[in-house]
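Trainee: Sequence plus predicted model, see below.
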Amino acid sequence: MSKFQNDSFTKQKVNGIQLNVRDQGRGEPSLLFLHYWGGSSRTWGPVINKLKTDFRCVAYDQRGWGESDRPETGYSVQDLANDAEELIRLLGLTRYVLIGHSMGGKVAQLLAAKPPGGLEALILVAPAPPTPISLTEAERKQRIQAYENREAVEFLIQNVLTAVPLSDEIREQIIEDTLKGATPAKYAWPEKGLLEDISRAVGDICVPTLVLAGENDQVEKIDLLERALVPNIPTARITTIPETGHLSPLEVPDKIASEIRAFLRG
């Protein structure tokens with residue numbers, strides 16, 4: 001199921017823009033979900049449907065994606081972390097866990113390095129590492145072009161992003177979310193976000209940190225995470241999710257939810 005059940009939609013004014021926020025469930029700690037480059041709050045829907053009985057679950061469309069505002073600027077990792085920090089304040093989250101996927105994982109790392117008061121744990125799902133990932137000009141153009149039309153996104157889903165068959169509904173959701181992204185948001189990640197080096201900052205993370213890596217992830221490969229992420233975060237431990245790719249929250253949501261629940265209850 002790709003849709004949230006019993007959605008509670010709100011618009012929150014954060015750093016001068018409106019963010020689309022979905023707030024469900026109850027129970028502490030609250031869980032704040034950050035999506036990947038190309039996704040939206042809907043990316044976390046199937047996972048949240050498994051967790052909202054025990055936790056307050058907040059997912060939002062990052063600037064330039066989904067139903068949030070689409071400013072021309074403000075897409076650095078720090079800008080996105082600032083949005084998350086302000087949202088935490090506005091929602092009054094006093095005990096919470098950051099859960100970030102891919103690009104959202106890098107944003108969550110930077111925020112957790114501060115962090116604002118109340119952070120109890122950090123969960124990173126197929127996260128971008130804190131170290132820079134440089135692309136050739138051809139690779140950069142290839143990534144941007146892959147987000148420009150339906151056929152390119154379909155190819156990306158089939159050959160890069162997933163290792164598990166998806167339902168037609170989930171596949172269509174991914175395509176819609178990807179194509180809907182604002183042009184500045186699509187360009188900012190491969191041109192700047194991937195190149196930002198936050199490795200010194202994340203050494204200050206002191207909360208328990210779980211890294212969930214897809215066994216067949218072609219984007220954030222396990223050996224990359226073991227080399228470039230885990231050693232930089234003193235509290236991090238990595239768990240491999242078998243037979244899944246980069247979009248594990250949509251490929252195997254039951255497994256991701258189970259790992260999150262076990263980590264928080266443990």
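Mentor: Alright, I've got the coordinates. Remember, it's a predicted structure, so these values are computed and weren't measured experimentally. Residues are numbered from 1 along each chain as shown.
Trainee: Next up, phi/psi of the closest residue to residue 242 other than its chain neighbours, please.
Mentor: Using C-beta to C-beta, 6 or more residues apart in numbering and skipping the chain neighbours, the partner closest in space to residue 242 is residue 215 (5.0 Å). All C-beta spots, glycine's among them, are computed from the backbone N, C-alpha and C. Per-residue torsions, residue 215: phi -60, psi -40 (degrees, to the nearest 10).
Trainee: looking at this, residue 12 is in a strand?
Mentor: Yes: remark: residue 12 belongs to a strand, assigned using DSSP: H, G, I helix; E, B strand; the rest coil.
Trainee: Run through the bridge partners of it.
Mentor: Beta-bridge pairing for residue 12 (DSSP bridges): residue 19.
Trainee: Pull the contacting residues for it.
Mentor: Residue 12 makes contact with 18-19, 21, 60, 87, 90-91 under the criterion C-beta atoms under 8 Å, 6 or more residues apart in numbering.
Trainee: at 10 Å instead, please
Mentor: Residues in contact with residue 12, defined by C-beta atoms under 10 Å, 6 or more residues apart in numbering, are 18-21, 23, 58, 60, 68, 83, 86-87, 90-91.
Trainee: could you dump those residues to CSV with pLDDT?
Mentor: Shown next, in CSV, are the contacts of residue 12 (pLDDT from 0 to 100):
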residue, pLDDT
18, 98
19, 98
20, 98
21, 98
23, 96
58, 98
60, 98
68, 98
83, 98
86, 97
87, 97
90, 96
91, 96
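Trainee: Please tell me which one of those residues counts the most neighbours.
Mentor: Of the contacts of residue 12, residue 60 is surrounded by the most neighbours, 28 neighbours in total, counting by other C-beta atoms under 10 Å.
Trainee: How about the contacts made by that one?
Mentor: Shown in contact with residue 60 (C-beta under 10 Å, 6+ apart): 10, 12, 14, 19-23, 32-35, 40-41, 44, 66-68, 83-84, 87, 91.
Trainee: how much space between it and residue 19?
Mentor: 5 Å (C-beta to C-beta, to the nearest Å).
Trainee: anything in contact with each of these two?
Mentor: Residues within reach of residue 60 and of residue 19 at once, by C-beta under 10 Å, 6+ apart, are 10, 12, 41, 66-68, 83-84, 87.
Trainee: re the thing from before, quick check, nearest of the contacts of residue 12 to residue 246?
Mentor: residue 60 (20.8 Å; C-beta to C-beta).
Trainee: just to revisit the earlier point, narrow the contacts of residue 60 to those in strands?
Mentor: 10, 12, 14, 19-23, 32-34 (DSSP state E).
Trainee: Take those residues and lay them out in TSV including distance to residue 117.
Mentor: Listed next are the ones in strands among the contacts of residue 60 as TSV, based on distance: C-beta to C-beta, whole Å:
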residue	distance to residue 117
10	23
12	19
14	18
19	21
20	25
21	20
22	24
23	20
32	14
33	20
34	19
